[in-house]
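Colleague: Pasted the sequence and its predicted model underneath.
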Amino acid sequence: MIVHGAWCLAAVAAFGLGSIRNASPDSSENNGAPGSPGARRTSSATASDGSPATRDRIRPSRRSAVSEDSPLARLFGSKPATAGLEALAFQAIRDPNQISRRLAFSKLLEAMTAENAEQIRAQLVDLGAEPEQWRDFNYSWGALAGQDAFAAAAKTKEQDLNDTLTGWAAANPKAAMAALDNLPPELENQRGELTRSVIAGLADSDRALAAEMVLRLSHEGNKDAPGLMELVARETLRAEGTATASRWSESLPDGPLKGAAMNLIADEFSRRDPEAAAAWAQRHAAEDYAARAIGRIGGQWALQNPQAAVGWLESLPAGNGQTAGMTAAFNHWEDRDPVAAGNYLLSMPSSQLRDTSISGFADGYAWQNPELSIQWADSIENAAIREQTITRVGQIYLRQKPAAGRAWLESSDISPEIKQKISGNPIR
């Protein structure tokens, strides 16, 4: 027992001494001594101040190594990122394989700096870059070089300015907005398109700021503001999805700009989930600014379930939204089941809503059966709606069946003014 006890005490003592040695600041594994395993581990994990800076510097090289050895790069012989700018530019423009071109152009953009951008641009001009490549290059140039890129692009004969300003606005919104506010006289005639470029860049990086700028432009009387708000809505929809984009539109002040945003969102929203889109838009159904959005939802829903779409539209308060929705719904319902759509129209009581619904049905069905569509158009009670519908259907009739259309037009008792509109302005 004495012997075994002695061996046990010796083992415990050895373990204790080893633990103390490992924890000691003088340990060769932890003191960072040159050539020691501890030094290698420390240099690959943290900087001298304990920060992860060195580790972060190592990561890009690892990602590049993976990229250089990617299956597509091996398959199509993509040049390494370390290749010169001329080699990358040549492959990006001239390689016969579209994937090789895209991989090379991506590496070319990654290698681009504010200092070498004009050199790369000269190579792209010489090699004949594609429009999509020019768009990405100019956007990147504007983001990297800002005012210098904008000034240089203003002097080129190519259409570089808009995309350059968009990239600048995405990277440095305040500077780009200031440049727009202080355009030189020779660019004043391009203010409208340059304004759109700034909004596009802001929408890429700060959609709240983009919407704020559009609202300000609207208050200043800018007639392009609704279209600019659609641009912001499109990027919001792309980045956030339909549910978030629809909630974002609710934050806008009531009026045409809100209507423009809702109109753009409604199309995609109703494709994905027409019932949810209907619930969102219904809160604004009585407002004129929401009429186009209601119309889009009604039309899209009718492609999937026309009875449900029409039932929802009839439950809405009377107004332009309901009218637009019913017109669009019956315009699509006739594609799906013209007999069912016609029977539903026959069951509706006389009203302006029925007249607009018939108008939508006749306008769509004229491409299939113009003769029957003329009869439906004749049944519209509202004179203005009837004349508009007969004019449109008559134009389609002449396009679809020229001989029969002319015979109908000559024998018809419609007014000479309507006949002139039908025959003098055929649909194109």
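Modeller: Nice, I can see it.
Colleague: For stretch 176-194, buried residues please.
Modeller: 176-177, 179-180, 194 (16 or more other C-beta atoms under 10 Å). Placement of C-beta: from N, CA and C, glycine included.
Colleague: So what's the model's average confidence on that stretch?
Modeller: Per-residue pLDDT over stretch 176-194 has a mean of 94.
Colleague: contacting residues around that stretch?
Modeller: Under the criterion C-beta atoms under 8 Å, 6 or more residues apart in numbering, residues 146-147, 150, 154, 161-162, 165, 168-169, 195, 198, 201-202, 213, 224 lie in contact with stretch 176-194.
Colleague: Pull out the buried positions in stretch 378-397.
Modeller: Those would be 380, 382, 385-397, for stretch 378-397 by 16+ other C-beta under 10 Å.
Colleague: contacting residues around Ala171?
Modeller: Ala171 neighbours (C-beta under 8 Å, 6+ apart): 142-144, 146, 201, 205.
Colleague: Quick check: Gly201 touching Asp163?
Modeller: No - the pair Gly201 / Asp163 is not scored as a contact, 9.4 Å apart, by C-beta atoms under 8 Å.
Colleague: Mutual contacts of those two, please.
Modeller: Gly142.
Colleague: between those two, which one's more packed in?
Modeller: Gly201 (27 against 22; other C-beta atoms under 10 Å).
Colleague: From the chain's centroid, how far away is the host helix or strand of the more buried one?
Modeller: Using DSSP states H and E, Gly201 maps to helix 191-205. Here helix 191-205 shows a centroid-to-chain-centroid distance of 14 Å under the convention C-alpha atoms, centre = their mean, to the nearest Å.
Colleague: and the next element down the chain from that helix?
Modeller: helix 207-219.
Colleague: who does that next one touch, helix- and strand-wise?
Modeller: Applying 3 or more C-beta pairs under 8 Å, 6 or more residues apart in numbering; DSSP states H and E, we find helix 207-219 packed against helix 191-205, helix 225-240, helix 256-272.
Colleague: please redo it, this time with the cut-off set to 6 Å
Modeller: helix 191-205, helix 225-240 (3 or more C-beta pairs under 6 Å, 6 or more residues apart in numbering; DSSP states H and E).
Colleague: got the CA positions of it in PDB?
Modeller: Extracted as PDB, the C-alpha positions of helix 207-219 are listed here (Å, rounded to 0.1, in the frame of the first residue of the first chain):
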ATOM      1  CA  ARG A 207     -35.200  53.800 -49.100                       C
ATOM      2  CA  ALA A 208     -36.500  56.100 -46.300                       C
ATOM      3  CA  LEU A 209     -34.300  58.900 -47.500                       C
ATOM      4  CA  ALA A 210     -35.400  58.200 -51.100                       C
ATOM      5  CA  ALA A 211     -39.100  58.400 -50.200                       C
ATOM      6  CA  GLU A 212     -38.400  61.600 -48.200                       C
ATOM      7  CA  MET A 213     -36.800  63.200 -51.300                       C
ATOM      8  CA  VAL A 214     -39.600  62.200 -53.600                       C
ATOM      9  CA  LEU A 215     -42.100  63.800 -51.200                       C
ATOM     10  CA  ARG A 216     -40.100  66.900 -51.100                       C
ATOM     11  CA  LEU A 217     -40.000  67.000 -54.900                       C
ATOM     12  CA  SER A 218     -43.700  66.600 -55.000                       C
ATOM     13  CA  HIS A 219     -44.300  69.500 -52.700                       C
END
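Colleague: contacting residues around it?
Modeller: By C-beta atoms under 6 Å, 6 or more residues apart in numbering, the surrounding residues in contact with helix 207-219 are 173, 199, 202-203, 225, 228-229, 232, 236, 257.
Colleague: Name the residues of stretch 249-262 that are buried.
Modeller: 249, 252, 257-262.
Colleague: which helices and strands sit right next to the one helix or strand Thr356 maps to?
Modeller: If you go by DSSP H and E, Thr356 is part of helix 352-365. The criterion is 3+ C-beta pairs under 6 Å, 6+ apart, and the helices and strands that helix 352-365 contacts are helix 320-336, helix 338-347, helix 370-378, helix 383-400.
Colleague: looking at these, which is buried most?
Modeller: helix 320-336 (a mean of 24; mean count of other C-beta atoms under 10 Å).
Colleague: Let me know the angle separating it from helix 338-347.
Modeller: 140 degrees (axes from the mean of the first three to the mean of the last three C-alpha atoms, to 10 degrees).
Colleague: of the buried residues of stretch 249-262, closest to Gln307?
Modeller: Met262 (24.6 Å; C-beta to C-beta).
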